[in-house]
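1. Structure, please.
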Amino acid sequence: MLLDQPTIEGPEKDWFSLLKQGIWRWPASSTPDKGGNTVFLAHRFSYTGPHGAFYYLNKLKISDEIGVIWNNVTYTYKVVSSTEVAPTDTSIEDSTADARITLFTCTPLWHPVNRLVVVAKLESKS
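-> So this is what the prediction gives:
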């Protein structure tokens with residue numbers, strides 16, 4: 001799977017409007033070229049456009065690959081976990097020593113009370 005949507009950059013104070021535009025990189029997180037934990041958020045659905053960028057995030061399984069193009073370099077990650085956490089769990093945004101991406105969105109569909117979190121660790125870059 002290649003994240004084939006633009007990645008939006010912008011301040012945390014504008015998070016709601018930024019998420020309407022696609023996949024937003026959490027500004028306090030790293031970037032793929034720097035290693036550590038790069039955190040991406042996106043809507044799973046909206047009531048005006050039912051399929052958000054992360055609509056099918058729940059379909060990712062352990063060992064699935066995710067490609068991210070960052071500054072014209074393709075980073076390939078392998079999924080290591082998919083979990084649900086409470087919206088108050090900010091540990092998913094923590095810095096890490098290993099290079100990874102953390103993708104999260106609201107869940108379940110149409111009655112979002114938790115966050116669906118997929119973590120994938122860097123396998124290669126080209």
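
2. Backbone torsions only: list them for residue 93.
-> In terms of degrees, to the nearest 10, the main-chain angles of residue 93 are phi -100, psi 0.

3. Output the below-cut-off pLDDT ranges for the chain.
-> Scanning the chain for pLDDT under 70 picks out the ranges 1-4, 46-50.

4. what pairs with the most centrally placed residue in it across the strands?
-> Taking C-alpha atoms, centre = their mean as the criterion, residue 103 is the residue nearest the geometric centre of the chain, at 2.2 Å. Applying DSSP bridges to residue 103 yields these beta-bridge partners: residue 40, residue 118.

5. right, and residue 65 touches residue 78 too?
-> Yes. The pair residue 65 and residue 78 passes the contact test of C-beta atoms under 8 Å, sitting 5.8 Å apart. Every residue, glycine included, has its C-beta placed from N, CA and C.

6. returning to that earlier point: for the residue nearest to the centre of the chain, which residues are in contact?
-> Counting by C-beta atoms under 8 Å, 6 or more residues apart in numbering, residue 103 makes contact with 39, 40, 41, 42, 54, 57, 66, 117, 118, 119, 120.
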